[in-house]
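Q: sequence first, predicted coordinates after that:
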Amino acid sequence: MKKMVFIAALLGLLFCFAGCGAALRNGSPENSNETAEKNSGQAGPGAAGPYTVDTKISEVINDPVFGEYGRLLFPVNSAYYSGDTLGELRLTWYSNIDANKTVEIVNSLRSRAAAGETVFYDIYTEKEKEADAEKRDTGLFFFKGNPGGKFAVCNAGGGFAYVGAMHDSFPHALELSKKGYNAFALIYRPGAQTACEDLARAIRFIFEHAEELEVDTDCYSLWGGSAGGRMAAWLGSYGPGAFGGSDLPRPGAVILQYTGHSDYTENDPPTYACVGESDGIASWRTMERRMEALHAFGIPTEFHHYPGLSHGFGLGTGTVAEGWLDDAAAFWEAQM
C-alpha cells in the first residue's frame, strides 16, 4: 500500500513539472511577468534592454526586430571589419570610430523598428533580386525627420570593396534627421558602376514613394565620404538618368568628404567638400583644384581642409573637423 502511495505521489510530481514546463514554453499568463523581469535589462535578441558597448555585434545582426536586414547593418564581407562587440568595432580604412555613436545608431534603429516604424526599404523587386543575387545586399536605411521635410541620401565609402555605413553614413543620416531632414543611408553593391546604379535606383525609389515616405523631393542632397563621395559627385555631375535612374533632376547640393575625386562638369550642382591635410588616400590639393574649377563656372562651393587630419574622420567628433556637418547642412539650406 505504501509503495502504491509513493508511486502516485511521484507521478503527481512528474505531471506538475511537465505542466510547468509546458506553461513556460507556451508563454502562459501566470509566467509572463516573471519571464519579463528576468529578461529586462539584458542586451541581445529579443531583450528589453538597450544595446551597450559590450553588446556583441552578432547579437545586433541577429536581433529579431531587424529581420532579414540586420546583416546589412555591418559590412556583408566580414573581412573588412573586426571586433566582437559594438565598442570594439573597427572598419578598414577608417579612423575616429565613435563607439558611443555606434550604440546610439543601433538603439535608435531598434527602438523605431520595435515601435512598428519601417526603418529599411528594399530598392529592388524580388524578381530583380532573383535575377541578380548581389542585389539582395542593397537597400535604404531610413532615418526619418519631419513629415514633408527635404531628403538626403548618405553614401558610405569602403574603396568600392565594402560599405562602411556604421561609421560613414549612418551617423550622418542620424544627425541630419535630428535637424528635421529625412535622411537615407544606402547599402550598395561594391564596384563603382554598380554602386552608382544602386544610388540612381535609390533616388528613383524615393521619388516614386515620396508621398508614402512623407518627403519633399525638391532640392534633395547627396552626401558621401571616400568612395561614397565619388558616387555622390558622379550622380551630381551626370544625373541619375546616366546610371539608369530615369529622367530625374540632379541633386540641389552635393556634400563630399575625404575624396580626391577630380572629375567635374560645368553643370555640377553646388558642392561642399572637406578633406584632411594628412589624408594619405585622398589628396586635399586635388579637391581644392576641383572646387576652384567649379567656382570658375559660377557654381556655389565651400571647401575646408583640416591640418593633421587623416582619412575617414566621419563626424569628426573630438577633432579639428568637429561641426563640419552643421556647416555642410547650412550650405545645403542656402541652396533651397
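A: Structure received.
Q: going forward, measure contacts between C-alpha atoms and count neighbours the same way
A: OK.
Q: secondary structure element holding Val163?
A: Assigned by DSSP states H and E, Val163 belongs to no helix or strand.
Q: now for it: which residues touch it?
A: Contacts were defined as C-alpha atoms under 8 Å, 6 or more residues apart in numbering; by that measure Val163 touches Phe74, Pro75, Ala156, Gly157, Ile187, Tyr188, Pro190.
Q: so what's the residue count around the second one?
A: Number of residues near Pro75 (other C-alpha atoms under 10 Å) recorded here: 20.
Q: isn't it right up against Tyr162?
A: Yes - under the contact definition of C-alpha atoms under 8 Å, Pro75 touches Tyr162, with a separation of 6.2 Å.
Q: mind jotting down where the strands sit in the stretch 151-300 of the chain?
A: 182-187, 215-225, 253-257, 271-276 (DSSP state E, counting those that start in this stretch).
Q: tell me the strands beside the shortest one, with direction?
A: For strand 253-257, the paired strands and their directions (DSSP bridges) read strand 215-225 (parallel), strand 271-276 (parallel).
Q: give me the contact list for the shortest one.
A: So that's strand 271-276. Strand 271-276 is contacted by residues 253-259, 282-284, 287, 291, 299-311, 328, 331 when judged by C-alpha under 8 Å, 6+ apart.
Q: chain center to that strand, what's the gap?
A: Put simply, strand 271-276 sits 21 Å off its chain's centre (C-alpha atoms, centre = their mean, to the nearest Å).
Q: what mean pLDDT does that strand have?
A: The predicted model gives strand 271-276 an average pLDDT of 98.
Q: list the buried residues in it.
A: In terms of neighbour count (16 or more other C-alpha atoms under 10 Å), strand 271-276 has its buried residues at Thr271, Tyr272, Ala273, Cys274, Val275, Gly276.
Q: for it, output the C-alpha coordinates as PDB.
A: Output of strand 271-276 as PDB, limited to C-alpha atoms (Å, rounded to 0.1, in the frame of the first residue of the first chain):
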ATOM      1  CA  THR A 271      29.200  71.500 -53.800                       C
ATOM      2  CA  TYR A 272      30.600  71.400 -50.300                       C
ATOM      3  CA  ALA A 273      33.800  69.400 -49.600                       C
ATOM      4  CA  CYS A 274      36.100  68.800 -46.700                       C
ATOM      5  CA  VAL A 275      39.400  66.800 -46.600                       C
ATOM      6  CA  GLY A 276      42.200  66.200 -44.000                       C
END
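Q: thinking again about what came up before, list only buried entries from the contacts of strand 271-276.
A: For the contacts of strand 271-276, buried by 16+ other C-alpha under 10 Å: 253-259, 282-284, 287, 291, 299-306, 309-311, 328, 331.
Q: show me this protein divided up by domain.
A: Dividing the chain into domains by automatic domain parsing, as the record does, gives the ranges 2-39, 57-334.
Q: pull the distance from the last one to the chain's centre.
A: Here the centre of domain 57-334 is set off from its chain's centre by 8 Å, with C-alpha atoms, centre = their mean.
Q: endpoints of it, how far apart?
A: 39 Å (C-alpha to C-alpha, to the nearest Å).
Q: number of residues surrounding the residue nearest to Ser246 when sequence neighbours are not counted?
A: Leaving aside its chain neighbours, Ser246 sits nearest to Pro240 (6.6 Å; criterion: C-alpha to C-alpha, 6 or more residues apart in numbering). By other C-alpha under 10 Å, 26 other residues sit near Pro240.
Q: surely Pro240 and Ala233 touch.
A: No - when contacts are counted by C-alpha under 8 Å, Pro240 is not listed as touching Ala233 (11.1 Å).
Q: quick one, phi psi at Leu91?
A: The phi/psi pair for Leu91 (degrees, to the nearest 10) reads phi -120, psi 140.
Q: tell me the spacing between the residue nearest to it when sequence neighbours are not counted and Gly70.
A: Nearest non-adjacent residue to Leu91, counting by C-alpha to C-alpha, 6+ apart: Tyr81, 4.6 Å away. With distances taken as C-alpha to C-alpha, Tyr81 is found 16 Å from Gly70.
Q: try Ala185
A: For Ala185, the distance to Gly70 equals 14 Å [C-alpha to C-alpha].
Q: do Glu59 as well
A: For Glu59, the distance to Gly70 equals 10 Å [C-alpha to C-alpha].
Q: do the same with Pro269
A: 34 Å.
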